[in-house]
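Student: What follows is a predicted protein model with its sequence.
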Amino acid sequence: MASSVDNGTSVTIIGSGFGGIGMAVRLKERGFEDITIFEKAGDVGGVWRDNSYPGAACDVPSHLYSFSFAPKHDWSRRFAPQAEILGYLQKTAERFDVLRHVRLNTEVEGASFDHDMGRWTVRLVDGTTHTSDVLITAVGQLSRPALPRISGIDSFEGEIFHSATWNHDFDLAGKKVAVVGTGASAIQFVPHVQKQVSSLTLFQRGPAHVLPKPDYAYAEFVSAALAKVPGLHALSRWVTYWQLEPRAAAFTRFPKLMEILQRRFEKSLHAQVEDPVKRALLTPTDLIGCKRVLLSNDYYPAVVQDNVSIVNDGIVEVRPEGVVTEDGTLHEVDAIILGTGFQATDFLAPMHITGRDGLDLNEVWRDGAEAHLGISVAGFPNLFLLYGPNTNLSHSSIVFMLESQINYILQGVKKVAGAAVRSVEVRSGVQDEFNVGIQTRIGATVWDRDCRSWYKTAAGKNTTNWPGATFTYRLKTRRPDWSDFRIEPADELARPQGV
């Protein structure tokens, strides 16, 4: 039942993926109705709307990669495909009456905080503005494709596209295709591409650790039981959660435990790749876990086929007819597919966010994004982030983390909705102490090893991952400690002194 805390408090949410939809649902449950969600695309769904490439699927079990308040009993597989996850998000938004709050095809250019009014002004790309008491960003870490800066790439005369903007109208049949990158997206679409093309050349900066994916289709009686037997679905989520959660220790506290995964990987690779030359090309030199560990049952069977070549030499340029590598070889191709990932460390870009006293968030984050609990940023009152800095996971479901953040932010919105409160802002000292602790703990993790990954900035700072267990994060976000915040009374125009 919705409570009556809303006193006309207005909330703007940017993004309509898991974070934006979940936040809106919880706000509405608490009685907040003045909610506007800006979505730059033509539909809700976030990354699951954008990444429609063949083979796209989740690598977290479906019953955990979903909202606790919106269980789906009839997932088709243990690891749901993209279309099914997108459908789940669309139906959830419809079921909880979120869609009427969404403004589609509306991109946000930036936002500024007006201290005197205690409100955010959101600037839209179309030149209009929108104001609200609270601003919540839900754009995620994997929303902006990373496009490689390769000399001559614009001169290529064939077809070129990123996996997140897949060209479904392009017929791959019989084509010579280059794939740049062998990360999480590539290992999913490569098996589908390989079956269609005459030749496939994989250009990789370094091979990934790919483990077998424990995937299977759910029998109808299983889905029926999950729907009808009281508590069974919740038990399934609980069991899945605790199957995954112990792995956090290997990533974050005891990297030596990763040797167990390393042995599993080596055994799997040797079993699936008999050719010693290809096996060598597919064997990473990095410690397993310093980059994202990938799951697939069809990637290695695809790349061992005769029409697949693997190239470790760096790309130096693209010519109209193909790709040139460091050894001078011209690889003539009809199409280039970029599996080069996302700009994960460029949080909130390209938006320009201005806080108290004209503080520029891009400048504040010049050396790497930081936030208290990944949610609040000093100098930016009434701003809350979903899936913010250092809240990504390598072992479990980001939806679990999002629900923790949503609960925390909801309490912040309720605080702002109080009659005597103009704004809430985390204290800089609290934020600094938290992030010193985060970086210290990251120094003991497997991610801090000498390898390049999207977890890190160009300077090597890990601004993406949470160095601990998800239940620890949930405890930390259970309720805000209001002594950590500057709380400005509604009737006070002057900025509070001190930090």
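Tutor: Everything's here; your move. Given the structure is predicted, the values throughout are model-derived calculations rather than measurements.
Student: a helix runs through Ile310, doesn't it?
Tutor: No: secondary structure of Ile310 (DSSP: H, G, I helix; E, B strand; the rest coil): strand, not part of a helix.
Student: Which strand residues bridge it?
Tutor: Leu202 (DSSP bridges).
Student: Wait, it touches Tyr300, no?
Tutor: No: taking CB atoms under 8 Å as the definition, Ile310 is not a contact partner of Tyr300, at 11.3 Å. All C-beta atoms are positioned from the backbone trio N, CA, C, and that covers glycine.
Student: Quickly list what's touching both of the two.
Tutor: Leu282 (CB atoms under 8 Å, 6 or more residues apart in numbering).
Student: I'd like the distance from Phe380 to Phe113, if you could.
Tutor: Look at Phe380 and Phe113: by CB to CB, to the nearest Å, they are 7 Å apart.
Student: what is in contact with these two at once?
Tutor: Gly355, Arg356.
Student: Past the helix or strand that contains Gln405, which element shows up next along the chain?
Tutor: Under DSSP states H and E, the secondary-structure element containing Gln405 is helix 398-417. Using DSSP H and E, the helix or strand that follows helix 398-417 in sequence is strand 421-426.
Student: buried residues in whatever helix or strand comes next after that next one?
Tutor: Next in sequence after strand 421-426, counting helices and strands by DSSP H and E, comes helix 428-442. For helix 428-442, burial by neighbour count (16 or more other CB atoms under 10 Å) applies to Val430, Gln431, Phe434, Asn435, Ile438, Gln439, Arg441, Ile442.
Student: now the angle between strand 421-426 and helix 428-442, please.
Tutor: Here the directions of helix 428-442 and strand 421-426 differ by 30 degrees (axes from the mean of the first three to the mean of the last three CA atoms, to 10 degrees).
Student: could you show me where the strands are in the stretch 151-300 of the chain, in order?
Tutor: Counting by DSSP state E, counting those that start in this stretch, one finds strands in the stretch 151-300 of the chain at the ranges 159-162, 176-180, 199-203, 210-211, 294-295.
Student: among those strands, which is nearest Ile260?
Tutor: Ile260 sits nearest to strand 210-211 of all the strands of the stretch 151-300 of the chain, at 11.3 Å, using CB to CB.
Student: How far away from the center of its chain is the closest one?
Tutor: 20 Å (CA atoms, centre = their mean, to the nearest Å).
Student: Just the residues contacting it, thanks.
Tutor: By CB under 8 Å, 6+ apart, strand 210-211 touches Ile187, Leu261, Arg264, Phe265, Ser268, Leu269, Val293, Leu294, Leu295, Ser296, Tyr299, Tyr300.
Student: same deal with stretch 312-332?
Tutor: Outside stretch 312-332, the residues touching it (CB under 8 Å, 6+ apart) are 148, 150-153, 155-158, 176, 178, 180, 201, 203-206, 281, 311, 333, 336.
Student: model confidence over that stretch, on average?
Tutor: Here stretch 312-332 scores 97 as its mean pLDDT.
Student: So for that stretch, first residue to last residue, what's the gap.
Tutor: 17 Å (CA to CA, to the nearest Å).
Student: What residues of that stretch count as buried?
Tutor: Buried-residue list, stretch 312-332, by 16+ other CB under 10 Å: Ile315, Val318, Arg319, Gly322, Val323, Val324, Thr325, His331.
Student: Out of these, flag the one nearest to Arg100.
Tutor: Closest to Arg100, out of all of these and judged by CB to CB, is Val318, at 45.7 Å.
Student: State the distance from the closest one to Phe221.
Tutor: Distance from Val318 to Phe221, by CB to CB: 53 Å.
Student: Surely Ser477 and Ser376 touch.
Tutor: Heads up, residue 477 is Thr, not Ser. No: counting by CB under 8 Å, Thr477 does not reach Ser376; the two are 10.7 Å apart.
Student: for the chain, what spans make up the helices?
Tutor: 18-29, 47-50, 82-95, 186-194, 220-228, 232-244, 247-252, 258-272, 276-281, 299-303, 361-364, 398-417, 428-442, 470-476 (DSSP state H).
Student: Show me which residues of stretch 389-402 are buried.
Tutor: For stretch 389-402, by 16+ other CB under 10 Å, it's 389-402.
Student: Looking at the residues you listed, which is nearest Gly15?
Tutor: When these are compared against Gly15 (criterion: CB to CB), the nearest one is Leu402, at 11.4 Å.
Student: which residues touch the closest one?
Tutor: So, once contact is read as CB under 8 Å, 6+ apart, Leu402 ends up touching Phe18, Gly19, Gly22, Leu386, Tyr387.
Student: What subset of the residues you listed is buried?
Tutor: Applying 16+ other CB under 10 Å to the contacts of Leu402 flags Phe18, Gly19, Gly22, Leu386, Tyr387 as buried.
Student: need these in JSON lines with distance to Ala349 and pLDDT, can you?
Tutor: Below are the buried ones among the contacts of Leu402 laid out as JSON lines (distance: CB to CB, whole Å; pLDDT from 0 to 100):
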{"residue": "Phe18", "distance to Ala349": "20", "pLDDT": "98"}
{"residue": "Gly19", "distance to Ala349": "17", "pLDDT": "98"}
{"residue": "Gly22", "distance to Ala349": "23", "pLDDT": "99"}
{"residue": "Leu386", "distance to Ala349": "16", "pLDDT": "98"}
{"residue": "Tyr387", "distance to Ala349": "14", "pLDDT": "98"}
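Student: Tell me which two in the residues you listed are the farthest apart.
Tutor: Gly22 and Tyr387, at 10.7 Å, using CB to CB across the buried ones among the contacts of Leu402.
Student: pretty sure Glu274 is touching Val304, no?
Tutor: Yes: between Glu274 and Val304 there is a contact under CB under 8 Å: 7.4 Å.
Student: Which one's more surrounded, these two?
Tutor: Val304 (17 against 9; other CB atoms under 10 Å).
Student: show me the contacts for the closest residue to that one other than its chain neighbours.
Tutor: Once flanking residues are discounted, Val304 sits nearest to Val273: 5.5 Å by CB to CB, 6 or more residues apart in numbering. Residues near Val273 by CB under 8 Å, 6+ apart: Arg279, Leu282, Tyr300, Val303, Val304.
Student: State the pLDDT value of the closest residue to Ser296 other than its chain neighbours.
Tutor: Nearest residue to Ser296 in three dimensions, chain neighbours excluded: Ile187, at 4.8 Å (CB to CB, 6+ apart). We have a pLDDT of 98 for Ile187.
Student: Please renumber the chain so that the first residue is 301 from this point on.
Tutor: Happy to do that; since the first residue is 301 now, the last one works out to Ile487.
Student: burial count for Ile487?
Tutor: 24.
Student: shouldn't it be in contact with Tyr599?
Tutor: Yes: taking contacts as CB under 8 Å, Ile487 lies within contact range of Tyr599: 4.3 Å.
Student: Which residue ranges make up each domain of this protein?
Tutor: 311-344+398-444+643-789, 453-508+550-638 (automatic domain parsing).
Student: correct me, but Thr670 touches Thr763?
Tutor: One correction, residue 670 is Glu, not Thr. Yes: between Glu670 and Thr763 there is a contact at 7.3 Å, judged by CB under 8 Å.
Student: Settle it for me: which of those two has more neighbours?
Tutor: Thr763 (27 against 23).
Student: residue contacts, that one?
Tutor: Thr645, Phe647, Gly668, Ala669, Glu670, Pro689, Asn690, Lys756, Thr757.
Student: Next, the contact list for the fourth one, please.
Tutor: If I follow you right, that is Ala669. Applying CB under 8 Å, 6+ apart, the residues contacting Ala669 are Thr645, Phe647, Gly688, Pro689, Thr763.
Student: low-scoring stretches of this structure, by residue?
Tutor: Along the chain, segments meeting pLDDT under 70 span 301-307, 792-799.
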